[in-house]
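*Asks:* Show me how the following folds:
(one chain, ligands or ions: 2)
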Amino acid sequence: MVSENILGLLNEQIKKELHSAYLYKGIEAYFENLGLKGMANWFMVQAQEEMGHAMKFFNYVNEVGGLVQLGTIEAVTSKYKSPLEAMKASLEHERYITASIYKIVDAAIDERDHKTNSFLQWFIDEQVEEEANAEENVRNLELVKDSPNGLFMVNAELAKRVYVPITTPQA
Ligand SMILES: [Fe+2]
Ligand SMILES: [Fe+2]
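*Replies:* Ligands and ions are numbered 1, 2, ... in the order given. Below you'll find the model as predicted:
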């Protein structure tokens, strides 16, 4: 079992990961509507990853005998001013998720909850990757500015992304 405090934070995190998936579906819709199918593909895959993150927390709560509670997921936008703005929104969101995970790690350390701390290590590493990917997308769009050729190239690059399911035991 984990403490009520940790359980609350884990349940909040399930919601945040589901919200991430929702946010990325909104960005996918934005790019799809613009005809940038490669970028839409990238966010479709990202949304799938987020569902995987949510399920990893979901399964952990079950494993430690806690009751999963699913809160309300806020509405998200699919309207952005530019591809760059959409990419920046995803980077900002991943930074927020990293901070949220660090908060649970801090609580687990405070409470000497070693198993939750150990469980969360996977997410610490994952967030390094998530932020790096989002930063790369922002940087690429900053480089190409409004050049249609550049946008087309980034779009073609992001079209290659395929979903790889999480294969760790708790997934
Ligand atoms: Fe996530
Ligand atoms: Fe990832």
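*Asks:* and Ala107, what does it touch?
*Replies:* Residues counted as contacts of Ala107 (Cβ atoms under 8 Å, 6 or more residues apart in numbering) are 5-6, 9, 113. Backbone N, C-alpha and C define where each C-beta goes, glycine included.
*Asks:* Out of those, which is nearest to ligand 1?
*Replies:* Minimum separation from ligand 1 among these (Cβ to the ion) is found for Leu9, which lies at 14.9 Å.
*Asks:* what helix or strand is the residue in the chain positioned nearest to ligand 1 on?
*Replies:* When distances are taken as Cβ to the ion, the chain approaches ligand 1 most closely through His53, which lies 3.7 Å from it. Secondary structure from DSSP states H and E places His53 in helix 37-63.
*Asks:* Tell me which other helices or strands that helix touches.
*Replies:* helix 4-34, helix 83-110, helix 114-144, helix 148-158 (3 or more Cβ pairs under 8 Å, 6 or more residues apart in numbering; DSSP states H and E).
*Asks:* Buried members of the contacts of Ala107 into PyMOL, please.
*Replies:* Remark: buried members of the contacts of Ala107, expressed as a PyMOL selection using 16 or more other Cβ atoms under 10 Å:
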select buried, resi 6+9+113
